[in-house]
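1. Structure of the sequence below:
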Amino acid sequence: MTGAARREHENPGEAAVLLAVAAAAYVVLVAAYGRRFARYRREFLADASDPVKAFAFFTFVAGSNVLGAGLAAHHLTGITAGLLLIAGLAWLLLGYGIPGTLITRRAARPALSGANGTWFLWVVGTQSIAVAAAALPASGALPALAVACWSIGLVLYLIITTLVLAALLLFSVRPADITPPYWVFMGATAITVLAGAQILRLPPDPLTAAARPVIAGLSVAAWAFGTWLIPPLIAVGVWRHLIRRVRLRYEPALWSIVFPLGMYGVACRGLGAAAGVSWLVTLGRDEAWVALAAWAAVAAGMAASLLAPGSERLPARARARAASEPAICGRAPAIRAVVIMLVTRGRASRRAGEVVR
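-> From the prediction side, this is the model:
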């Protein structure tokens, strides 16, 4: 998403190379998930029933659909359709399975006490289906699927916002609990805007024509609310690190800040192009430099942590603990961020000459 927000000259060759690298990284990530499931199945399944970690599994849905949307821009629609099908099945399994497990589980503390920023990944995964469906040629039930998932994602956003805010108000919160994934609160609005903008640019049919005014208006509302959220999120970071003295150092969760920043720029450009608002397109292109700086800073922190003395050889217990941690807290976010950045950078390269009409 960072790359997609940048202003670039059209370069199909560069886009193809970046997409190939992103596809390779996606394969590595899927293999890592498969290996973790095979070797640490008990821990893997325990994460799926832990309210603090479970919703992180929706990153598989989002990553698959973002890659598929990038492939669709290169006319590889067959692969895009396959990824959309796989992601859709995973979305159904997770969307029904995780809430059902959390509701029926037996635990000392209620599931609501574990509500955090990762819960918004349910919204991100849902809206990514709308993005991928809208990226395919409009035929059959695809426009209806895009509209339906956009609508479901919007309602889920309202529900999850209520639950997360209730958890923050009802349970004691430590500075260390306000983690970077809360930025997904804003990122979920950004991908909602992007999905809405893509639906607005679909060829009209009875369903999309009926939904167009609602989607246009609510996309603008989501963009405004997401923009409003940025200052409070920055203020929370200042409170956490400068006032409450939580040490600022690299942690994989920092990639949860990079994705929303990149997505916000892409959403601004998409909404501006769909609505014919040139200053929104300009805002998205200018914001790209902020997203790029954040990506570079987090990448540098990750490299420094990997190269630090003692990082290569961990005790057996530490390796087992790392392997048992959820996807959002492992190295997977770094790979995911690279996949999303490279895919959307390639897509932006192909559309960089677009003029708002």
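
2. Run through the residues that contact residue 77.
-> By Cβ atoms under 8 Å, 6 or more residues apart in numbering, the contact set of residue 77 is 71, 136-137. Heads up, the C-betas are built off the backbone N, CA and C, glycines and all.

3. most surrounded residue in these?
-> residue 71 (25 neighbours; other Cβ atoms under 10 Å).

4. if I pick that one, what's in contact with it?
-> Here residue 71 is in contact with 19, 23, 77, 79-80, 83 (criterion: Cβ under 8 Å, 6+ apart).

5. do that again at 6 Å, thanks
-> By Cβ atoms under 6 Å, 6 or more residues apart in numbering, the residues touching residue 71 are 79-80.

6. what's the helix or strand for it?
-> helix 58-73 (DSSP states H and E).

7. mind saving the C-alpha coords of that helix as PDB?
-> As requested, the backbone C-alpha atoms of helix 58-73 are provided in PDB (Å, rounded to 0.1, in the frame of the first residue of the first chain):
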ATOM      1  CA  PHE A  58      -7.900 -12.600   8.700                       C
ATOM      2  CA  THR A  59      -4.600 -11.200   7.300                       C
ATOM      3  CA  PHE A  60      -4.600 -14.300   5.100                       C
ATOM      4  CA  VAL A  61      -7.800 -13.200   3.500                       C
ATOM      5  CA  ALA A  62      -6.600  -9.700   3.000                       C
ATOM      6  CA  GLY A  63      -3.200 -10.700   1.600                       C
ATOM      7  CA  SER A  64      -4.700 -13.200  -0.800                       C
ATOM      8  CA  ASN A  65      -7.200 -10.600  -2.200                       C
ATOM      9  CA  VAL A  66      -4.700  -7.800  -2.500                       C
ATOM     10  CA  LEU A  67      -2.300 -10.100  -4.400                       C
ATOM     11  CA  GLY A  68      -5.300 -11.200  -6.600                       C
ATOM     12  CA  ALA A  69      -6.200  -7.600  -7.300                       C
ATOM     13  CA  GLY A  70      -2.700  -6.900  -8.400                       C
ATOM     14  CA  LEU A  71      -2.700  -9.900 -10.700                       C
ATOM     15  CA  ALA A  72      -6.000  -8.700 -12.200                       C
ATOM     16  CA  ALA A  73      -4.300  -5.400 -13.200                       C
END
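
8. Can you tell me the centre-most residue of the protein?
-> The residue lying closest to the centre of the chain (Cα atoms, centre = their mean) is residue 124, at 5.3 Å.

9. where's the nearest residue to it once chain neighbours are set aside relative to residue 196, distance?
-> Distances taken as Cβ to Cβ, 6 or more residues apart in numbering put residue 62 closest to residue 124, at 5.0 Å, once the chain neighbours are dropped. For residue 62, the distance to residue 196 equals 16 Å [Cβ to Cβ, to the nearest Å].

10. Also residue 139?
-> For residue 139 relative to residue 196 (Cβ to Cβ), the value is 20 Å.

11. quick revisit: buried sites along the helix holding residue 71?
-> 58-73 (16 or more other Cβ atoms under 10 Å).

12. which one of those is nearest residue 170?
-> Taking Cβ to Cβ as the measure, residue 170 lies nearest residue 58 of the buried residues of helix 58-73, at 24.0 Å.

13. Specify which residue of residue 139 and residue 196 has the higher count of neighbours.
-> residue 196 (33 against 9).

14. can I assume the more buried one is in contact with residue 215?
-> Yes: applying Cβ atoms under 6 Å, one finds residue 196 in contact with residue 215, separated by 4.8 Å.

15. How many residues are close by residue 199?
-> 25.

16. name the element it belongs to?
-> helix 184-200.
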